[in-house]
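S.K.: Below is the structure, and that's it, no one-letter string:
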């Protein structure tokens with residue numbers, strides 16, 4: 001990356017091809033004044049469905065996701081990782097004296113942050129494992145300030161631009177190649193993923209000759225192919241009867257404190273969705289189409305319930321990919337990413353314990369289409385753990401590319 005610029009050679013070669021498109025327009029704007037050091041663009045979880053997550057074997061046998069494969073998505077062999085690194089799995093980053101900056105939120109990107117981040121990527125090359133979490137771009141109901149949950153609404157024009165910008169931001173820090181792509185079953189994440197990948201490397205989402213296939217039908221050679229898994233396990237937490245309701249109307253009807261507890265309390269569940277709810281039929285149909293079990297669609301979810309299904313998906317689907325040294329891009333939702341942060345950054349060394357982490361996570365909104373990057377190293381023998389760097393504040397080990 002040139003001094004004072006976030007424009008990579010890859011972007012320059014794609015300008016002509018993307019002229020007149022949303023991605024092309026954003027590329028033409030992706031320049032930074034060399035006088036300024038801040039040189040990147042700022043962008044705007046008690047029970048599972050089965051009381052506890054399924055075992056790995058049972059989980060993989062379920063037709064829970066539709067996975068698309070690129071027929072020619074070859075990948076170079078991953079180098080053998082070392083047995084250990086200098087990173088202590090219980091080491092926590094330094095704590096700031098004042099209000100926490102959450103892994104870079106609210107802080108401008110600078111040369112020093114870029115240098116520290118690139119050093120992390122170099123260390124992560126030993127394992128090959130990088131996980132990028134991305135919230136979808138602004139949706140139509142986000143713009144209208146309505147509870148969305150499992151309602152399948154599209155992106156606004158602003159949301160589409162945010163998604164394309166995320167791809168350019170990843171490319172600017174040389175995060176251009178991903179082996180595995182994941183999204184929820186909802187179109188706002190699929191569309192965000194498609195726009196991000198197009199801006200990132202000019203490609204379309206991978207598809208197999210039959211279109212979609214279930215994970216149980218995954219071909220043996222898929223381990224060496226780029227995949228896209230579209231799964232309802234990554235859907236936003238189910239807001240039940242609140243789905244579609246304007247948030248101000250909910251506060252007037254139930255009180256601001258009650259609504260805040262439903263939104264941010266880890267074990268508070270909104271009222272369930274009733275049989276007459278206008279979105280119920282569409283949600284039931286989409287859930288069945290995505291491989292959900294008949295009769296097990298929840299009426300509403302707490303954050304803890306949402307976390308159970310999301311982290312089971314991470315442990316049984318995404319983590320094995322990371323252990324094989326693959327780069328993973330996951331596009332999901334505000335509360336899904338919140339629960340994944342809780343899962344990835346919960347560790348015994350935290351002074352305030354799990355309650356502190358939950359309290360901090362309840363105070364933030366995951367920004368639209370802003371990449372959150374986790375790098376992994378091996379520590380304490382063979383364990384694969386996320387690690388952070390000295391420029392980060394707070395207890396989240398991922399870094400937002402602001």
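M.R.: That came in fine, so what should we check first? This structure is a prediction, so every number in the text was calculated from the model and none was measured.
S.K.: Residue 178 should be in a strand, yeah?
M.R.: No. Under DSSP: H, G, I helix; E, B strand; the rest coil, residue 178 sits outside any strand and is assigned coil.
S.K.: For it, give me its contacts.
M.R.: 132, 197, 200, 226, 327, 328, 329 (C-beta atoms under 8 Å, 6 or more residues apart in numbering). Quick note: C-beta positions are derived from backbone N, CA and C, even for glycine.
S.K.: Now, the residues you listed that are in strands?
M.R.: Under the assignment DSSP state E, the contacts of residue 178 contribute 132, 327, 328, 329 to strands.
S.K.: hang on, the earlier thing: using pLDDT, spot the least trustworthy of the contacts of residue 178.
M.R.: Among the contacts of residue 178, residue 226 has the lowest pLDDT, at 73.
S.K.: if we can go back for a sec, closest to residue 310 among the contacts of residue 178?
M.R.: Residue 310 lies nearest to residue 328 out of these, by C-beta to C-beta, at 14.3 Å.
S.K.: So for residue 309, what pLDDT did the model give?
M.R.: Note on residue 309: pLDDT of 96.
S.K.: In PyMOL, how would I select the buried members of the ones in strands among the contacts of residue 178?
M.R.: The buried residues among the ones in strands among the contacts of residue 178 can be selected in PyMOL (16 or more other C-beta atoms under 10 Å) with this line:
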select buried, resi 132+327+328+329
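S.K.: Residue 139 is in contact with residue 154, correct?
M.R.: Yes. With contact defined as C-beta atoms under 8 Å, residue 154 reaches residue 139; the gap is 6.7 Å.
S.K.: Name the residue in these two with the higher neighbour count.
M.R.: In this view residue 154 and residue 139 are compared by other C-beta atoms under 10 Å, and residue 139 has more residues nearby, 27 against 13.
S.K.: who does that one bridge with?
M.R.: For residue 139, the beta-bridge partners are residue 155 (DSSP bridges).
S.K.: residue ranges with poor pLDDT in the stretch 301-402 of the chain?
M.R.: Applying pLDDT under 70 to the stretch 301-402 of the chain flags residues 348-353, 380-382, 393-394.
S.K.: hey, where'd the helices end up in it?
M.R.: 303-313, 319-323, 334-345, 353-361 (DSSP state H, counting those that start in this stretch).
S.K.: buried sites along the third one?
M.R.: What that stands for is helix 334-345. In terms of neighbour count (16+ other C-beta under 10 Å), helix 334-345 has its buried residues at 334, 335, 336, 337, 338, 339, 340, 341, 342, 344, 345.
S.K.: Pull the number of nearby residues for residue 355.
M.R.: Residue 355: 10 neighbours (other C-beta under 10 Å).
S.K.: Then residue 247?
M.R.: Neighbourhood size, residue 247 [other C-beta under 10 Å]: 15.
S.K.: which residues sit in contact with it?
M.R.: Residue 247 makes contact with 145, 146, 147, 259, according to C-beta under 8 Å, 6+ apart.
S.K.: quick one: it and residue 166, what's the gap?
M.R.: Remark: distance between residue 247 and residue 166 (C-beta to C-beta, to the nearest Å) = 25 Å.
S.K.: Would you mind listing which of the contacts of residue 247 are buried?
M.R.: Among the contacts of residue 247, the ones that count as buried by 16+ other C-beta under 10 Å are 146, 147, 259.
S.K.: hang on, the earlier thing: the contacts of residue 247 into JSON lines, with extra columns for secondary structure?
M.R.: Shown next, in JSON lines, are the contacts of residue 247 (three-state DSSP):
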{"residue": "145", "secondary structure": "coil"}
{"residue": "146", "secondary structure": "strand"}
{"residue": "147", "secondary structure": "coil"}
{"residue": "259", "secondary structure": "helix"}
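S.K.: hmm, back to that, out of the helices of the stretch 301-402 of the chain, which gets nearest to residue 392?
M.R.: helix 334-345 (11.2 Å).
S.K.: which residues are in contact with that closest one?
M.R.: Applying C-beta under 8 Å, 6+ apart, the contact partners of helix 334-345 are 45, 133, 135, 184, 234-237, 303, 306-307, 310-311, 314, 330, 332, 357-358, 361, 364-366, 372, 374, 386, 395-398.
S.K.: What's the PyMOL line that selects buried ones from the residues you listed?
M.R.: Applying 16+ other C-beta under 10 Å to these leaves a buried subset, and the PyMOL line that selects it is:
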select buried, resi 45+133+135+184+234+235+236+237+303+306+307+310+311+314+330+332+357+358+361+364+366+372+374+386+395+396+397+398
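S.K.: and residue 142, how many residues sit next to it?
M.R.: 19.
S.K.: With residue 200 instead?
M.R.: 24.
S.K.: separation between it and residue 300?
M.R.: Residue 200 is 36 Å from residue 300, where distance means C-beta to C-beta.
S.K.: that older thread, can I get the helices of the stretch 301-402 of the chain in JSON lines with distance to residue 117?
M.R.: Formatted as JSON lines, the helices of the stretch 301-402 of the chain follow (distance: least, C-beta to C-beta, whole Å):
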{"stretch": "helix 303-313", "distance to residue 117": "26"}
{"stretch": "helix 319-323", "distance to residue 117": "19"}
{"stretch": "helix 334-345", "distance to residue 117": "17"}
{"stretch": "helix 353-361", "distance to residue 117": "22"}
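S.K.: And the ones you listed: which comes nearest residue 268?
M.R.: Proximity to residue 268 (C-beta to C-beta) singles out helix 303-313 among those, at 7.9 Å.
S.K.: on that earlier part again, can you list the buried residues of helix 334-345 in a markdown table and add distance to residue 288?
M.R.: Listed next are those as a markdown table, based on distance: C-beta to C-beta, whole Å:
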| residue | distance to residue 288 |
| --- | --- |
| 334 | 25 |
| 335 | 23 |
| 336 | 21 |
| 337 | 26 |
| 338 | 27 |
| 339 | 24 |
| 340 | 26 |
| 341 | 30 |
| 342 | 29 |
| 344 | 31 |
| 345 | 34 |
